[in-house]
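*Asks:* model this:
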Amino acid sequence: MYEQQEPSLRIGFDATRTRVVLRARSGLESELSQLAARIAAGGQRGPLTAEIDLDDFLAGISELGGWTDAGVEWENAVANLVNGVLDDAATAERNLRDEAAPPSGISPDDIDSLLGPVWSGNLTDFQRRDIARLLSLRHGANFSVPGAGKTRVALAVFAAMKEQGHVQRLLVVGPKSAYEAWEFEAFACFKEPLRTVVMAGAPDPGAEVLIMNYERLGRSVVALAAWLRAAPAMIILDEAHRMKLGASGTYGAACLALGPLAERRLILTGTPAPNGARDLENLLSFVWPGHGKSVVSNAVGGGDLAYASTVLRPLFTRTTKRELGLPPFEPKVRYVDLPRLHREVYDALKGNPSRRSGDLESLGKAMLRMLMAATSPALLAAGTTPYEPLSYQVPPLEASPDDSLHALMQNLPQHELSPKYEEAVRIVAGNAAAGRKTIVWSTFVRSIATLQQLLAPHDPAVVHGGTQDREEEIRRFREDPDCMVLISNPATLGEGISLHQDCHDAVYVDRDFMAGRYLQSLDRIHRLGLPPDTETRVTVLVARGTLDEVVELRLKEKLEFMGSILDDPSVRQLGDLQEEGPAVAGMDAADIRALLSHLDSPPSNP
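*Replies:* Sure thing, here's the model as predicted:
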């Protein structure tokens, strides 16, 4: 009886699905060694086994053409992923050659027939355009600005894929603040609402749409993998910039492990490259393993961002604020000078020896200390609680020449009012007198508590990570005519809330290096639905001769990069602040160099 010969080469995933395992038949040790070396050095694990990172395997997949022995056996998940990546790469190349032609024959006019009778949601012209582009690719990325309806577009892509029989279920990973939008849209856009479940324990086997947050993702990979294998599925990462660290981050590693199990992958974010090309590489590596990382690296490597934008454009869709018809706005920077004692303490803090440490955690702490000190060095002094506000003396007391710098730092509010707080109070008071509400942004909770005390005449609402009644505070800001100011930090309120109907003024008491958070916080008051005559006013406070100026420069560079890649002039404009006369987080290598340069610079003259 004829006995079937064992395959000469088996190709499959390892347990994490971030590496490809090659297993050769006995007698082919030399051939496997040569093949593994051609694809990626150092991948061989034994005479007949090699493990290669997924990106490296896909980048070097052409080397398999040199395997002359018959009988190569592919694991289905690997074969499907490879075919999807190569198909999308070919489609993107065709789109580059002929941008006038509808991609793969799909035009916005085809969308109604593709969605089928189950779909009932209204779609704008730009949403139809985005859906057509995403359906032309097996996997995709939507980098549209907030308010463009990315959630509805994503559900439409899922509906079309479901109608064609490609997928049956959808896994949505996103922040908790996005749950409500997904649940509402899944109900409103279908004649028979999708069975939508927010994952609490184990995945619901009957869910058509399963929603969960990034924080739970790492410990749920095994259960989610089983859920994805049970039926053809699509994965959507909402606010996908949260996994921008890729395999080196907890969120990214979990996403990359689950991605190959999905028939369709889609990412949604308005800020895909908040710190530069590496962020974009990691995001597109989830969508197109191998191809995504290499195409970004090759496009950006030459330094011509206009060329890079042209190369990358077929891989994503983006609706800009200009396309939404939003009235333009131009943030202003207002410089303030540090008073004499404040300057003396700040320059002394710059001499902290931790600046010379090679430890990134120490550098991050040094950065946060200097940002706090630019507002008020007293914020660094220990309080009875982390939320204890600074107590300012009115009128201020004269400082004794015998006071130590440590004593000055602790007692500075008795001698000088922070110029940033003074400007913030002045701006809010002027806006309140004109009947305009203001949102005041500050990174640090103790600074927020201090601002709450200083702005007490305007009945402030306050939201930070420790706020228990967040919804009530936001409701009060929106509805209470006496509440004229909301004080918050971008880490807490930068996503998932719309304030544009009630507030058109913002003040940044401080900013950190996180460009994505800055853009998202701006979008709280500048988004779809604004009347065309709305005046949006944003003021950024910068203390001269402090780390504030370094942050301003680095944010400008980051937004210039992102805006160029996305071919969106409005993003570049937000980094180019116009000067107005007086009236950690997130650091990359260039941020660290800028911080060290600032710490090593000579003291400013008071």
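
*Asks:* ranges for the strands of the stretch 301-450 of the chain?
*Replies:* 332-336, 438-441 (DSSP state E, counting those that start in this stretch).

*Asks:* neighbours of the residue lying closest to Arg572 once chain neighbours are set aside, just the number please.
*Replies:* Closest residue in space to Arg572, ignoring its immediate chain neighbours: Gly563 at 3.4 Å, by Cβ to Cβ, 6 or more residues apart in numbering. Where you see a C-beta, it was placed from the backbone N, CA and C, and this is true even at glycine. Neighbour count of Gly563, defined by other Cβ atoms under 10 Å: 22.

*Asks:* Could you do the one 5 residues further on as well?
*Replies:* Other residues near Asp568 number 23, with proximity taken as other Cβ under 10 Å.

*Asks:* Surely it and Thr320 touch.
*Replies:* Yes. Counting by Cβ atoms under 8 Å, Asp568 touches Thr320, with 5.0 Å between them.

*Asks:* low pLDDT regions in the stretch 401-550 of the chain?
*Replies:* 401-412 (pLDDT under 70).

*Asks:* which residue ranges form the helices in it?
*Replies:* 405-415, 419-433, 445-454, 470-479, 490-493, 515-522, 547-565 (DSSP state H, counting those that start in this stretch).

*Asks:* Tabulate those (CSV), appending distance to Phe316.
*Replies:* Below are those laid out as CSV (distance: least, Cβ to Cβ, whole Å):
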stretch, distance to Phe316
helix 405-415, 48
helix 419-433, 37
helix 445-454, 36
helix 470-479, 32
helix 490-493, 24
helix 515-522, 16
helix 547-565, 10
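
*Asks:* Can you tell me which of these is nearest to Pro386?
*Replies:* helix 445-454 (6.2 Å; Cβ to Cβ).

*Asks:* residues touching Pro327, list them.
*Replies:* The contact partners of Pro327, by Cβ atoms under 8 Å, 6 or more residues apart in numbering, come to Leu530, Pro531, Pro532, Asp533, Thr534, Glu535, Thr536.

*Asks:* whoops, I mixed them up, Pro205
*Replies:* Trp227, Ala230.

*Asks:* Who are the contact partners of Val72?
*Replies:* Per Cβ under 8 Å, 6+ apart, neighbours of Val72: Pro7, Ser8, Leu9, Arg10, Ile11, Leu64.

*Asks:* and if we set it to 10 Å?
*Replies:* By Cβ atoms under 10 Å, 6 or more residues apart in numbering, the contact list for Val72 reads Pro7, Ser8, Leu9, Arg10, Ile11, Leu22, Leu64.

*Asks:* Output those as a markdown table; include the columns pLDDT and neighbour count.
*Replies:* Conversion of the contacts of Val72 to a markdown table gives the following (pLDDT from 0 to 100; neighbours: other Cβ atoms under 10 Å):
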| residue | pLDDT | neighbour count |
| --- | --- | --- |
| Pro7 | 90 | 16 |
| Ser8 | 93 | 18 |
| Leu9 | 94 | 21 |
| Arg10 | 94 | 18 |
| Ile11 | 94 | 20 |
| Leu22 | 94 | 24 |
| Leu64 | 90 | 16 |
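
*Asks:* ok, back up a step: hey, which of the helices of the stretch 401-550 of the chain is tucked in deepest?
*Replies:* Stretch with highest mean neighbour count among the helices of the stretch 401-550 of the chain: helix 515-522 (a mean of 24; mean count of other Cβ atoms under 10 Å).

*Asks:* Count the residues that sit near Pro481.
*Replies:* 8.

*Asks:* My error: substitute Phe329 in the last question.
*Replies:* Neighbour tally, Phe329, other Cβ under 10 Å: 21.

*Asks:* Not counting sequence-adjacent ones, nearest residue to it?
*Replies:* Thr536 (3.8 Å).

*Asks:* The one you found contacts Cys503, doesn't it?
*Replies:* Yes. Using Cβ atoms under 10 Å as the test, Thr536 is close enough to Cys503 to be in contact (9.3 Å).

*Asks:* what residues are shared contacts of these two?
*Replies:* Common neighbours of Thr536 and Cys503 (Cβ under 10 Å, 6+ apart) are Ile525.

*Asks:* Check the contacts of Val72 and tell me the two furthest apart.
*Replies:* So, the contacts of Val72 by Cβ to Cβ: farthest apart are Pro7 and Leu64, at 13.4 Å.

*Asks:* Give the buried subset of the contacts of Pro327 as a PyMOL selection command.
*Replies:* To isolate the buried subset of the contacts of Pro327 in PyMOL, counting by 16 or more other Cβ atoms under 10 Å, use the following:
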select buried, resi 530+536
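
*Asks:* Which of the contacts of Pro327 sits closest to Asn275?
*Replies:* The closest of those, once distances to Asn275 are taken by Cβ to Cβ, is Thr536, at 25.8 Å.

*Asks:* what's the spacing between that closest one and Gly149?
*Replies:* In this view, Thr536 and Gly149 are 21 Å apart by Cβ to Cβ, to the nearest Å.

*Asks:* the strands in the stretch 51-200 of the chain, which residues?
*Replies:* Counting by DSSP E, counting those that start in this stretch, the strands of the stretch 51-200 of the chain are 72-74, 140-142, 169-173, 196-198.

*Asks:* and those as TSV, adding distance to Glu552 and mean pLDDT?
*Replies:* Output for the strands of the stretch 51-200 of the chain, formatted as TSV (distance: least, Cβ to Cβ, whole Å; pLDDT from 0 to 100):
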stretch	distance to Glu552	mean pLDDT
strand 72-74	52	92
strand 140-142	29	94
strand 169-173	33	98
strand 196-198	40	96
